[in-house]
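Novice: could you work out the structure for the sequence below:
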Amino acid sequence: MPELPVKGDLPDAEASLDEHAYFWAQHNVRKFQMALEIEREHGVAVCDTDPMKIHFSWCMERAGFHWPDKFAHAQGFVRDAIAKGRLGFADLYLVKRIEPSVARAQKEGDATRRRGNFEQHLALQPHLIAWFTVMSDVLPGKVRWEFPEREALLAELKSKTPEEAPRRFDVSIFDALLKGLPQ
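Specialist: Down below sits the predicted model:
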């Protein structure tokens, strides 16, 4: 799936927390709907991040970074979008743990990319791992901690039909995820 640019104007700094949360929830709905459209057309859609993306605000807060989309405010908008079948869970999550020293070496060895938020992303990693550990508990078999071989993964994905509701759009899974997160 191609990167989806932010549509419309970002809420300004004086906007309410709910306005920020609603804006980002709607942006993520657009991403998820685009992924569903690609899936319908090609049988599979691959995204470079979870289109639901509420994990980002949780991770940012846990790591102590400022982000206008506050997790507590985002939950209701995301839950509502799931209940309406506009935002949902992926059929498979591929998560790679990487040692900070290895990530730094890769960064320094690749002059083709800028990586302006490298240190921030590195600080988010333990929280991202915590998020997907809980995701693995509430969606058994849907989170893999290593990247499979490309051809094997493509063959597996092509052999499956897209998951139907209610799991993809099951708010009880979302509720269990929230309940399982570390405090």
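Novice: G109 and V102, how far apart?
Specialist: 11 Å (Cβ to Cβ, to the nearest Å). Any C-beta I mention is one placed from the backbone N, CA and C, and that applies to glycine too.
Novice: please say which of those two ends up with more neighbours.
Specialist: Each of G109 and V102 has its neighbours counted (other Cβ atoms under 10 Å); V102 has more, 10 against 7.
Novice: quick check: that one is in a strand.
Specialist: No: applying DSSP: H, G, I helix; E, B strand; the rest coil, one finds V102 to be helix, outside a strand.
Novice: P11 reaches H73, doesn't it?
Specialist: No: using Cβ atoms under 8 Å, P11 is not in contact with H73; the gap is 11.8 Å.
Novice: shared neighbours, the two?
Specialist: H20 (Cβ atoms under 8 Å, 6 or more residues apart in numbering).
Novice: nearest the middle, which residue of the protein would you pick?
Specialist: Geometric centre of the chain, nearest residue: D50, 2.4 Å, by Cα atoms, centre = their mean.
Novice: helices or strands next to the longest helix along the chain in the packing?
Specialist: If you go by DSSP state H, the chain has its longest helix at helix 17-42. On a contact count with 3 or more Cβ pairs under 8 Å, 6 or more residues apart in numbering; DSSP states H and E, helix 17-42 meets helix 54-63, helix 71-83.
Novice: show me what contacts the residue nearest to the centre of the chain?
Specialist: A90, Y93.
Novice: would you say it is within a helix?
Specialist: No: using three-state DSSP, the assignment for D50 is coil, not a helix.
Novice: distance of it from L181?
Specialist: From D50 to L181 the distance is 15 Å (Cβ to Cβ).
Novice: one more: G141?
Specialist: 20 Å.
Novice: pLDDT weak spots in this structure?
Specialist: Applying pLDDT under 70 to the chain picks out residues 7-8, 161-166.
Novice: so what's V44 up against?
Specialist: Counting by Cβ under 8 Å, 6+ apart, the residues that V44 touches are I38, L157, K158.
Novice: whichever of the residues you listed end up buried, select them in ChimeraX.
Specialist: A single ChimeraX command selects the buried members of those (16 or more other Cβ atoms under 10 Å):
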select :38
